[in-house]
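Novice: Mind folding the following:
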Amino acid sequence: MEYKNNKTSNRRRYKSRYHSPHNYKTKRGGSSNRASILIGVATFLILASLVLVFTFGDKIYSFLDTTFHPSALPLSESETMGVVLATEEAAPPAVVSVPEETEAAPQPTQAVGDQGDDINRLLTAANLKAEDLKGTQAIFVESQGTSAKVYFYEKAADGQWTRQFDILDGFVGTGGTSDNVGPADDTTPKGTFNIEYAMGTNMNPGTKLDYYQIQYGMNWVTDPASVNYNRLVDASSPVDYTSCQQLYEYTKSYPYAVVFDYNRDPVDTAKGCARFLHVASEPTYGGVGISENALGIILGWLDPAATPTITIF
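Specialist: Residues are numbered from 1 along each chain as shown. Reported below is the predicted structural model:
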């Protein structure tokens, strides 16, 4: 009892434990300081993660996609799923959804003047006669090295062909044009081809053609060993190919693309594939390239009822 009532002893005991009243208060507040530090560290980590995502997001995405994409994963023989073939008359791939509300199609700029002599010159240059054009809409691609002039004609009820738009500057493959195009060639095929359908990473611009909006998992097969060579497949298709165009990544080339029937039915694995009328501002890998705005206008004009064709020469 005497020790407990001894203020001097109690004070000495207090100091020996906490050294000073100030340290005593500091130690009592230690838990609050630790909480503040943890909050600061967590905030820093979050901010650092955001910086990494915004700075290296594309590279991270590409790495993950390459590593975990279905084409990189082994499939057993029992893992067979439906194949969507572009030449089939079946409905569009299940993964494709065309929104009810589509982007408004830009208004075309109508060509003016007498153009009768022009189409006769084009037909002669392409070794064609007017009766060779079975439909009433025709696109002509007049190649000049890797550049091209692109013309758009429509046949009226009286049988007269009239140019619909101004002549466009365009591009063909880096290898120019050829009658014989192999799978690895960056060459645009010569000939007259039927236009089949359209696709793109953008929404339907209002075309009357069947339009497939490109989504993740939609690929164009470029492997000649695949049964789906030169075909559009979706995520439900078996991966029997080692090379393809992952279309959803081609936002610059395929915001819009028109598929024509070069090497489509039947398919010859000794010939090239993935030849489209698409968007390009320089020589292509074998397709025909024009500006995005122009292609949006053309899609609004093309009509499957007119059996449109594209002639490349």
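Novice: Can you show me the helices along the protein?
Specialist: Counting by DSSP state H, the chain has helices at residues 7-18, 21-28, 30-68, 116-125, 292-301.
Novice: ends of stretch 204-214, how far apart?
Specialist: 10 Å (CA to CA, to the nearest Å).
Novice: same check, this time on stretch 253-260
Specialist: 16 Å.
Novice: Show me the contact partners of that stretch.
Specialist: 86, 193-202, 205, 209, 214, 232, 247, 275-280, 284, 287, 289, 292, 295-296, 298-299, 302, 309-310 (CB atoms under 8 Å, 6 or more residues apart in numbering). For glycine as for every other residue, the C-beta is placed from the backbone atoms N, C-alpha and C.
Novice: Identify those among the residues you listed that sit within strands.
Specialist: Among the contacts of stretch 253-260, DSSP state E puts 193-200, 232, 276-279, 289, 309-310 in strands.
Novice: Tell me the one among the residues you listed nearest to Leu128.
Specialist: Nearest to Leu128 among the ones in strands among the contacts of stretch 253-260 is Thr309, at 10.0 Å by CB to CB.
Novice: Run through the bridge partners of that closest one.
Specialist: Ala138, Asn194 (DSSP bridges).
Novice: What's the separation between it and Asn127?
Specialist: Separation of Thr309 from Asn127 (CB to CB, to the nearest Å) stands at 15 Å.
Novice: for the chain, which spans come out with low pLDDT?
Specialist: 1-32, 53-54, 56-117 (pLDDT under 70).
Novice: Go again with 80.
Specialist: Where the chain drops to pLDDT under 80, the residues are 1-36, 48-117.
Novice: ok, the closest residue to Glu282 other than its chain neighbours - how many residues close by?
Specialist: Spatial nearest neighbour of Glu282, chain neighbours left out: Phe171 (6.2 Å); criterion: CB to CB, 6 or more residues apart in numbering. Counted with other CB atoms under 10 Å, residues neighbouring Phe171 total 22.
Novice: Next: Val279.
Specialist: Neighbours of Val279 (other CB under 10 Å): 25.
Novice: Next: the one 4 residues further on.
Specialist: By the other CB under 10 Å criterion, the neighbourhood of Pro283 contains 19 residues.
Novice: now do Ala156
Specialist: By other CB under 10 Å, 9 other residues sit near Ala156.
Novice: Can you give me the distance of it to Thr192?
Specialist: Here Ala156 is placed at a distance of 20 Å from Thr192 (CB to CB).
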